[in-house]
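Engineer: here are the coordinates; sequence isn't available:
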């Protein structure tokens with residue numbers, strides 16, 4: 001498994017000047033900037049209707065796991081049976 005790009009840059013810097021020639025610097029991993037989608041009950045209902053109540057298809061369309069969709073259903077009190 002290759003190293004992430006931000007870490008590869010650090011290694012290539014040491015390779016250019018020679019390991020030990022420069023004290024290693026602490027490199028922070030980039031912050032996650034992806035904003036999480038949290039639907040309202042109406043939005044979730046519309047999404048379920050759009051996918052005919054198929055939680056797997058809905059999760060794949062949103063790029064999330066099925067368990068997340070099931071948690072939303074439970075948290076928002078959305079009835080899943082009415083969409084199948």
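Structural biologist: Everything's here; your move. Owing to the predicted nature of the structure, the values given are computational and were not obtained by experimental measurement.

Engineer: C-alpha only now, for contacts and for neighbours.
Structural biologist: Noted.

Engineer: in this protein, which spans are helices?
Structural biologist: 5-17, 41-50, 55-62, 66-76 (DSSP state H).

Engineer: which stretch in these has the least confidence?
Structural biologist: Here the helices of the chain differ in mean pLDDT, and the lowest is helix 5-17 at a mean of 60.

Engineer: what sits against residue 51?
Structural biologist: 57-58 (C-alpha atoms under 8 Å, 6 or more residues apart in numbering).

Engineer: Give me the domain ranges for this protein.
Structural biologist: As given by automatic domain parsing, the domain ranges for the chain are 1-31, 34-84.

Engineer: these two touch, right, residue 54 and residue 48?
Structural biologist: Yes: if you go by C-alpha atoms under 8 Å, residue 54 and residue 48 touch, sitting 6.9 Å apart.

Engineer: quick one: which of these two has more around it?
Structural biologist: Taking other C-alpha atoms under 10 Å, residue 54 and residue 48 do not tie; residue 48 has more neighbours (23 against 16).

Engineer: Could you tell me which residues make contact with the more buried one?
Structural biologist: With contact set as C-alpha under 8 Å, 6+ apart, residue 48 has these partners: 54-55, 58, 80, 83.

Engineer: cool, and residue 81?
Structural biologist: Contact analysis of residue 81 by C-alpha under 8 Å, 6+ apart lists residue 53.

Engineer: Could you report the separation of it from residue 74?
Structural biologist: Residue 81 sits 13 Å away from residue 74, going by C-alpha to C-alpha, to the nearest Å.

Engineer: Now do the same for residue 81: its pLDDT.
Structural biologist: 80.

Engineer: how close does it sit to residue 47?
Structural biologist: The separation that residue 81 has from residue 47, given C-alpha to C-alpha, amounts to 14 Å.

Engineer: Tell me the residues that contact both of the two, please.
Structural biologist: With contacts defined as C-alpha under 8 Å, 6+ apart, no residue is adjacent to both residue 81 and residue 47.
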